[in-house]
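Engineer: my questions are about this predicted structure, shown below with the sequence.
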Amino acid sequence: MGNRTFFAASILKKCAKLKLETSYLRVRCKTSWKISLSQGVGTSPLFLLELPHDSSLVPQIIDLATPVAEDLGLEVVKVVFHTNQSPPVLRVDIRNPTQDTGLNDCERMSRNLEANLDAAAIITDAYVLEVSSPGISQELKTDREFISFKGFPVKVYTSSPHQGHSEWNGKLVSRDENNVYLNKKGRVIEIKRSNIQSVQLDEERD
């Protein structure tokens, strides 16, 4: 595969049980986009289940995801349902067999798979749908990446110590022309961009 940077698009589904009826709107859930990076790619699809009370759920998701991916010219690499998180995370790893898998591939897969999952109504509670593509590089560089990864755990490496430290861990808040802002245990840390060597996703703390 070589050194490639692959992006992952995810949809955070915060489903609300609302008893609100209108003539033009039926609220079932609220959605927002997130982007993430992942590592490790297999040569064939891997399907994992962490849902002991319903062993039939992941096979149903596989049946939905596989044709969706094929219609988009993609392949499903791995499906995992992490029920030890709140809300649970349904992760579907994909790859493009003809070219480098990109953000657009993940976004298209997310939209189409979300529509199929909603229509099938096989997951009734709040959950996170994450469509990812395996990759290696975790460094954030562009403005788009800093916006997309807002709220994700990151590591910031500085050229000279900042407040006595050359490495900072925290959740990414934002980046402007002068600084990068981290949330570290509820406290906002401001680090000068001119003193930053790199900002990388911290998968160990994700």
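Structural biologist: Cool, the structure landed.

Engineer: just the element for the nearest residue to residue 197 once chain neighbours are set aside, please.
Structural biologist: Among residues not flanking residue 197 along the chain, residue 157 sits closest, at 4.5 Å (C-beta to C-beta, 6 or more residues apart in numbering). Where C-beta positions appear, they are placed from N, C-alpha and C, glycine not excepted. Using DSSP states H and E, residue 157 maps to strand 153-162.

Engineer: what's that strand packed up against?
Structural biologist: On a contact count with 3 or more C-beta pairs under 8 Å, 6 or more residues apart in numbering; DSSP states H and E, strand 153-162 meets strand 165-175, strand 179-184, strand 187-192, strand 196-201.

Engineer: could you say what helices and strands the last one packs with?
Structural biologist: The helices and strands touching strand 196-201, judged by 3+ C-beta pairs under 8 Å, 6+ apart, are strand 153-162.

Engineer: contacts for the strand it packs on, please.
Structural biologist: Strand 153-162 has contacts (C-beta atoms under 8 Å, 6 or more residues apart in numbering) with 140, 165-172, 180, 182, 191-192, 195-206.

Engineer: keeping just the C-alphas, turn that strand into CSV.
Structural biologist: In CSV, the C-alpha atoms belonging to strand 153-162 read as follows (Å, rounded to 0.1, in the frame of the first residue of the first chain):
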residue,chain,number,x,y,z
PRO,A,153,-7.4,13.7,21.2
VAL,A,154,-4.1,15.1,19.8
LYS,A,155,-0.5,15.4,20.7
VAL,A,156,1.3,18.7,20.1
TYR,A,157,5.1,18.7,19.8
THR,A,158,6.9,22.0,20.3
SER,A,159,10.3,23.2,19.2
SER,A,160,11.1,24.7,22.6
PRO,A,161,9.4,24.0,25.9
HIS,A,162,6.0,25.6,26.4
